[in-house]
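>>> return atomic coordinates for the entry below.
(one chain, ligands or ions: 1)
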Amino acid sequence: MFTQVNGTGNAAVVVEDIRKAYGDLKAVDGVSLSVTEGEFFGILGPNGAGKTTTLEIIEGLRQPDSGSVRLLGESPWPRRVSLLPRIGVQLQSSSFFEKLTAREQLETFASLYGVNAVRANEMLELVGLADKADTREDKLSGGQRQRLSIACALVHDPDVVFLDEPTAALDPQARRNLWDVLRAIQARGKTIVYTTHYLDEAEILCDRVAIMDKGRILAMDRPAALVRGLDAPTHVILELGSLSVSDATALPAAEDVTEDELSLTITTRRPADTLSALADRGALSGLQVRTATLEDVFLDLTGREYRA
Ligand SMILES: Nc1ncnc2c1ncn2[C@@H]1O[C@H](COP(=O)(O)OP(=O)(O)OP(=O)(O)O)[C@@H](O)[C@H]1O
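Numbers count the residues shown, from 1 in each chain. Modelled structure (predicted):
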């Protein structure tokens, strides 16, 4: 009934060649992907890349012009009621019931799904809002409201959770708190499909990512595999004065050495060799190591600097 993906498990989502145009604009231009059950899958890309449109087509909220989607083995379009209890959807702009507290919002969603209201408290715990249970939604901070909307998407214990830019517009601390929530959701065995324009975040959270630009997927793999595939050099940065430029240049695998008023930077493609030689010399003071990131992958794929 489900399609096997690389023999690792069942496919929760299978998308084949979906397209959606708005007039002349090809918002989604031939996207194919599959997501395995239990996987944390990220759809990444700058504003306007087509992430939301892709997600909404998978969720069954939008009809593609062509192509096919299987969600938990079923076609989500036209709207399929049997799928609704099995999927949780958090939209970019979440709407709540007016004048209800956080707990009441969740209890209302729970009752719509015929779920025991006890789940409301569990969800408040999961998203770290237990102490805000009796606070009205319009009195919550932006980050707390995001977490409440995720709790609402989860209250009926769906198998697949869709989150559209859940960490957008959050301050760094709130983003990190939400990462813990997302990890906790995955630890419960849920499949997560989420969009973000934060490449650094996706690199940390996702099992696999699809990098989108202008309606197309440019690359899809584990973040580490995408970065490794670049064969980009590592920068080993030391405190100024820990080593002379000529000594640094003579280190094994050192390709380039530069100095500025604060630090000495050694460029290498074999960081282990360079670092062990530095350790032998006791010259590791102020050590920082910078490897390539998904932003470098985006630059490599598009020839443009990544701008969220
Ligand atoms: N209903 C619509 N009518 C016309 N154009 C649309 C509509 N929805 C989206 N678009 C356009 O399609 C393109 C893709 O939009 P989409 O929202 O899918 O991108 P996105 O990657 O999610 O961007 P963002 O991060 O800004 O949400 C954009 O150029 C957008 O302006």
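>>> dihedrals phi and psi, D164?
The phi/psi pair for D164 (degrees, to the nearest 10) reads phi -100, psi 110.
>>> touching, it and T52? I think so.
Yes. Between D164 and T52 there is a contact at 5.7 Å, judged by CB atoms under 8 Å. To be clear about C-beta, it is placed using only N, CA and C from the backbone, and glycine gets the same treatment.
>>> hey, where'd the helices end up in the stretch 151-300 of the chain?
Taking DSSP state H, counting those that start in this stretch as the test, the helices found in the stretch 151-300 of the chain are 172-187, 199-205, 223-228, 245-249, 271-280, 294-302.
>>> of all those helices, which lies closest to F109?
Closest approach to F109 among those (CB to CB): helix 172-187, 16.0 Å.
>>> before we move on, back to that, how about the helices of the stretch 151-300 of the chain in JSON lines, adding mean pLDDT?
Formatted as JSON lines, the helices of the stretch 151-300 of the chain follow (pLDDT from 0 to 100):
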{"stretch": "helix 172-187", "mean pLDDT": "87"}
{"stretch": "helix 199-205", "mean pLDDT": "93"}
{"stretch": "helix 223-228", "mean pLDDT": "93"}
{"stretch": "helix 245-249", "mean pLDDT": "94"}
{"stretch": "helix 271-280", "mean pLDDT": "94"}
{"stretch": "helix 294-302", "mean pLDDT": "90"}
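>>> could those helices go into a markdown table alongside mean neighbour count and distance to the ligand?
A markdown table is the format used below for those (neighbours: other CB atoms under 10 Å; distance: least, CB to the nearest ligand atom, whole Å):
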| stretch | mean neighbour count | distance to the ligand |
| --- | --- | --- |
| helix 172-187 | 15 | 16 |
| helix 199-205 | 19 | 13 |
| helix 223-228 | 17 | 18 |
| helix 245-249 | 14 | 42 |
| helix 271-280 | 16 | 34 |
| helix 294-302 | 19 | 13 |
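>>> could you dump these to TSV with distance to A27?
As requested, those are arranged in TSV below (distance: least, CB to CB, whole Å):
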stretch	distance to A27
helix 172-187	26
helix 199-205	21
helix 223-228	24
helix 245-249	49
helix 271-280	41
helix 294-302	18
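>>> and the longest strand for the protein?
Longest strand in the chain by number of residues, with DSSP state E as the criterion: strand 9-22.
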